[in-house]
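**Student:** Attaching a predicted model along with its sequence, questions to come.
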Amino acid sequence: MAIRISEPFTQDAFKDLRAGDSVLLTGTVYTARDAAHKRIVEMLDRGEETPFEISNSIIYYVGPTPAKPGRPIGSAGPTTSYRMDAYAPRLLDLGQLAMIGKGQRSDEVMDAVVRNGAVYFAAIGGAAALMAGCVKSAEVIAFDDLGAEAVRKLYVEDLPVTVVLDSAGGNLYKEGQQAYLESAAK
């Protein structure tokens with residue numbers, strides 16, 4: 001059974017989540033991929049205000065396709081997360097609560113997740129239309145020149161995600177691989 005988490009997003013809402021938990025998110029989620037992350041970190045380096053409040057935010061690593069008429073967003077499947085690994089620890093240290101993407105993360109990201117009581121969620125790869133159906137509104141808020149990779153403010157309802165990295169150090173990719181190897185050895 002999925003755990004439902006709605007805005008306001010707080011560390012308390014995520015602290016008991018464990019690797020493997022299914023979650024349905026409802027609330028504001030921001031989109032940013034590697035080019036946007038680079039610009040956000042450069043803004044921080046210059047002491048400038050970022051396009052959204054990093055603290056208590058959730059960032060979805062997605063570059064959606066153009067919206068069809070009457071829809072807020074086009075296909076919105078997750079992108080490979082490791083490209084954000086150079087930036088994620090800094091944002092987590094500033095209070096970012098969660099990231100949504102696909103694929104494994106670096107040890108530095110895992111350490112930052114644990115250090116900050118954060119979570120890394122995996123979204124359903126290959127189900128971009130399903131993910132887009134959970135987006136009720138979308139607004140470009142920064143870096144429009146990046147096209148699909150511009151920063152967007154989304155409002156999502158029951159966005160299905162799975163906890164991959166949890167604040168206690170759980171890692172679904174490693175645990176799942178270990179469980180498979182153990183069962184295959186029997």
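**Tutor:** It's in. Computed from a prediction, not measured in an experiment: that's the story for all the values here.
**Student:** List the contacts of stretch 120-139.
**Tutor:** Identification of contacts with stretch 120-139 by C-beta atoms under 8 Å, 6 or more residues apart in numbering yields 23, 25, 60, 62, 64-65, 67, 71-78, 81, 98-103, 105, 109, 113, 152-165, 172. Backbone N, C-alpha and C define where each C-beta goes, glycine included.
**Student:** Let's see that with 6 Å instead.
**Tutor:** Identification of contacts with stretch 120-139 by C-beta atoms under 6 Å, 6 or more residues apart in numbering yields 72-73, 75-78, 98-100, 102, 113, 152-159, 161-162, 164-165.
**Student:** Next: stretch 61-71.
**Tutor:** For stretch 61-71, the external contacting residues (C-beta under 6 Å, 6+ apart) are 31, 33, 73-76, 78-79, 81, 84, 101, 148-149.
**Student:** Now for this protein, the helix or strand with the poorest mean pLDDT.
**Tutor:** helix 172-185 (a mean of 68; mean pLDDT, DSSP states H and E).
**Student:** Among the contacts of stretch 120-139, which lie within strands?
**Tutor:** Assigned to strands by DSSP state E, the following of the contacts of stretch 120-139 qualify: 98-100, 152-159, 161-162, 164-165.
**Student:** Where does the residue nearest to residue 118 when sequence neighbours are not counted sit: helix, strand or coil?
**Tutor:** What sits nearest to residue 118 in space, not counting adjacent residues and going by C-beta to C-beta, 6 or more residues apart in numbering, is residue 92, at 5.2 Å. Following DSSP: H, G, I helix; E, B strand; the rest coil, the label given to residue 92 is helix.
**Student:** Next, count neighbours for residue 92.
**Tutor:** For residue 92, the neighbour count with other C-beta atoms under 10 Å is 24.
**Student:** again, but for residue 50
**Tutor:** 17.
**Student:** Could you look up the SS state of it?
**Tutor:** Put simply, residue 50 is coil when judged by three-state DSSP.
**Student:** Quick check: phi and psi on it?
**Tutor:** phi -80, psi 160 (degrees, to the nearest 10).
**Student:** That one against residue 41, yeah?
**Tutor:** No: using C-beta atoms under 6 Å as the test, residue 50 is too far from residue 41 to be in contact (9.2 Å).
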